[in-house]
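*Asks:* Build the 3D model from these lines:
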Amino acid sequence: MILAKKPRPPQERPMEYKSTDPWADWKPQWAEKKRAEKTSPTPHDLQERHAPTRPLSTRQENDARYDTSPHGARYDTSPRGARYDTSPRGARRRITDARLWDAMSFRQQDAASAIASAFEMLGRGLGYAQSNWQRIPGCKGAENVAEAHARMLDAYTLWARECARAKISHAMIVDVLCFGFSCKTVDGDRRQRNGTARENLMKGLSLYCQLQGWR
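*Replies:* This next block holds a predicted model:
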């Protein structure tokens, strides 16, 4: 004989255990934090965090008329002279470099650029002349890039020799203009008083302008 298992009536079922602890069902409620949108940082953003920059006052050569001499010197012949460009689209440099470049005159800025370009040219070389499509064989003047490089190197070599005669440290100038060290760092590495590298740099740039006949 098979007996069917009948369910117990509700009054006969065992009582469910209910906890009397008021904190039994408590759950922490954390404040929701809004996550910032993840943006892929560019190399410029990372460099800006490491070394902040600011716009640099540069002259607008489009508004000034220059008379080029055979030696490469440029004289401003416009009545208003060169103007400054402080727009955000202008040149930007590190704050320490911008202060240094603002202290230079127009000719000293040209001299600094020429020295840095010539030093870089000495380091990387001129490359194969046959693969240079800008070079016109047998052409003289501004169209021949090789002659322009040769003039730049000759001016750099002459300037380096005159720096030794005038007791101007050529190495300190190269550290600032070519390797990117600050004047304060150069003073500390060479155990010089503060301001020595800056003063030496200005003298070297003035000497380069003097040798090139720039006023």
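
*Asks:* quick one, strands of this protein?
*Replies:* Ranges of strands within the chain are 53-55, 58-59, 66-68, 74-76, 84-85, 92-94, based on DSSP state E.

*Asks:* Tell me where the protein has helices.
*Replies:* 43-50, 95-103, 106-124, 145-165, 170-177, 183-189, 196-212 (DSSP state H).

*Asks:* right, and those helices - which one's nearest W30?
*Replies:* helix 43-50 (30.6 Å; C-beta to C-beta). Using the backbone N, CA and C atoms, a C-beta is placed for each residue, glycine as well.

*Asks:* and the closest one, average pLDDT?
*Replies:* Averaged over helix 43-50, pLDDT sits at 74.

*Asks:* Apart from its chain neighbours, what residue comes closest to H170?
*Replies:* Of all residues not flanking H170 in the chain, C163 sits nearest, at 4.5 Å (C-beta to C-beta, 6 or more residues apart in numbering).

*Asks:* thinking that neighbour is in contact with S206, fair?
*Replies:* No - C163 is beyond contact range of S206, at 11.2 Å (criterion: C-beta atoms under 8 Å).

*Asks:* Looking at those two, which has the bigger crowd around it?
*Replies:* C163 (20 against 17; other C-beta atoms under 10 Å).

*Asks:* do you know how far that one is from M104?
*Replies:* Using C-beta to C-beta, to the nearest Å, C163 is found at 17 Å from M104.

*Asks:* likewise R191?
*Replies:* In terms of C-beta to C-beta, R191 sits 26 Å off from M104.

*Asks:* same thing with S182?
*Replies:* Applying C-beta to C-beta, the value for S182 to M104 is 15 Å.

*Asks:* ok, now D110?
*Replies:* In terms of C-beta to C-beta, D110 sits 9 Å off from M104.

*Asks:* Same check on K203?
*Replies:* Counting by C-beta to C-beta - K203 and M104 are separated by 12 Å.

*Asks:* next one: A160
*Replies:* Taking C-beta to C-beta, one finds A160 at 20 Å from M104.

*Asks:* cool, Q212 as well?
*Replies:* 15 Å.

*Asks:* A146 too?
*Replies:* Taking C-beta to C-beta, one finds A146 at 30 Å from M104.

*Asks:* circling back: if I pick the residue nearest to H170, what's in contact with it?
*Replies:* 169-170, 173, 204, 207 (C-beta atoms under 8 Å, 6 or more residues apart in numbering).
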